[in-house]
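[1] turn this into a model:
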Amino acid sequence: MTPMIRTLAAATALGLFAGSALAANPMVGGAEMFATKNIVENAMNSADHTTLVAAVQAAGLVETLQGPGPFTVFAPTNEAFAKLPAGTVETLLKPENKEMLTKILTCHVVAADAMSDAIMTMIADDGGKHTVKTVGGCEFTAMTKDGMIQIEDGQGNIATVTIADVQQSNGVIHVIDTVLMPAM
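    Modelled structure (predicted):
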């Protein structure tokens, strides 16, 4: 390879690398999210997910969500948890309710790396509604409204994805505005 071609190849490679660096993850909870960090590491930096992080710790799921995945996590914000009836979060965080807390949290996790474009395609391919099977054994329904992905839980509550495609080293996070609950 001539020096001129080597220089052009290096410049092209640097240009491609710099271009890919411009496609950064969205900010979540006032914090930068890094595709090189795992789900727990990034969630711990989000001011909007302190309740979720506390719940994950109380349920003993930290090690699991730091694992290799891939995982897609529908991550409810603090405001989503605040929409639950008064006292619900405090009750779920008690050690004697660990099993129920674990069930609720694992119903927010899918054993796949599903970016929003793939979810939208699945919804379209299934005629407007796609069944989502979670790690926790829940079956929810993904759909769209006004171009936004929504998830209907087992109790008929609807969560909207407010921030999509937050890439992680072990999957992806989609921030949602409602806690997903299993069917009772």
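
[2] which residues of this protein score low on pLDDT?
    The model of the chain has pLDDT under 70 over residues 1-23.

[3] which residues of this structure fall in helices?
    With helices called from DSSP state H, the chain shows them at 3-22, 39-45, 50-58, 62-65, 78-82, 88-92, 98-106, 116-125.

[4] would you list these in a markdown table and tack on mean neighbour count and distance to T162?
    (C-beta placed from N, C-alpha, C; glycine too.) A markdown table is the format used below for the helices of the chain (neighbours: other C-beta atoms under 10 Å; distance: least, C-beta to C-beta, whole Å):
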| stretch | mean neighbour count | distance to T162 |
| --- | --- | --- |
| helix 3-22 | 9 | 23 |
| helix 39-45 | 21 | 15 |
| helix 50-58 | 18 | 14 |
| helix 62-65 | 16 | 20 |
| helix 78-82 | 17 | 9 |
| helix 88-92 | 15 | 20 |
| helix 98-106 | 18 | 19 |
| helix 116-125 | 15 | 12 |
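
[5] possible to save those helices as a markdown table with distance to A159?
    Below are the helices of the chain laid out as a markdown table (distance: least, C-beta to C-beta, whole Å):
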| stretch | distance to A159 |
| --- | --- |
| helix 3-22 | 30 |
| helix 39-45 | 17 |
| helix 50-58 | 13 |
| helix 62-65 | 19 |
| helix 78-82 | 7 |
| helix 88-92 | 16 |
| helix 98-106 | 13 |
| helix 116-125 | 13 |
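
[6] OK, contacts around I119?
    130, 142, 149 (C-beta atoms under 8 Å, 6 or more residues apart in numbering).

[7] count the neighbours of the first one for me.
    Put plainly, it is H130. 20 (other C-beta atoms under 10 Å).

[8] quick one: terminal-to-terminal distance for stretch 74-83?
    Start-to-end span of stretch 74-83 (C-alpha to C-alpha, to the nearest Å) is 16 Å.

[9] and for the longest strand belonging to the chain, what's in contact with it?
    As assigned by DSSP state E, the longest strand anywhere in the chain is strand 158-168. Residues outside strand 158-168 that contact it (C-beta under 8 Å, 6+ apart): 25-26, 28, 33, 35, 37-39, 42, 69, 71, 74, 76-77, 80, 115-116, 145, 148-153, 172-180.

[10] paired strands for it, with orientation please.
    Strand 158-168 has the following strand partners under DSSP bridges: strand 148-152 (antiparallel), strand 171-176 (antiparallel).

[11] C-alpha coordinates for stretch 113-130, CSV please?
    This file holds the C-alpha atoms of stretch 113-130, laid out as CSV (Å, rounded to 0.1, in the frame of the first residue of the first chain):
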residue,chain,number,x,y,z
ASP,A,113,-31.7,-6.9,22.7
ALA,A,114,-34.7,-5.3,21.1
MET,A,115,-34.2,-1.8,19.7
SER,A,116,-37.3,0.4,19.0
ASP,A,117,-37.1,-0.1,15.3
ALA,A,118,-37.3,-3.9,15.8
ILE,A,119,-40.2,-3.6,18.2
MET,A,120,-42.0,-1.3,15.8
THR,A,121,-41.5,-3.9,13.0
MET,A,122,-42.8,-6.7,15.2
ILE,A,123,-45.9,-4.6,16.1
ALA,A,124,-46.5,-3.8,12.4
ASP,A,125,-46.0,-7.4,11.3
ASP,A,126,-48.5,-8.6,13.9
GLY,A,127,-51.2,-6.2,12.7
GLY,A,128,-50.7,-3.4,15.3
LYS,A,129,-50.2,-5.4,18.5
HIS,A,130,-47.3,-7.7,19.5
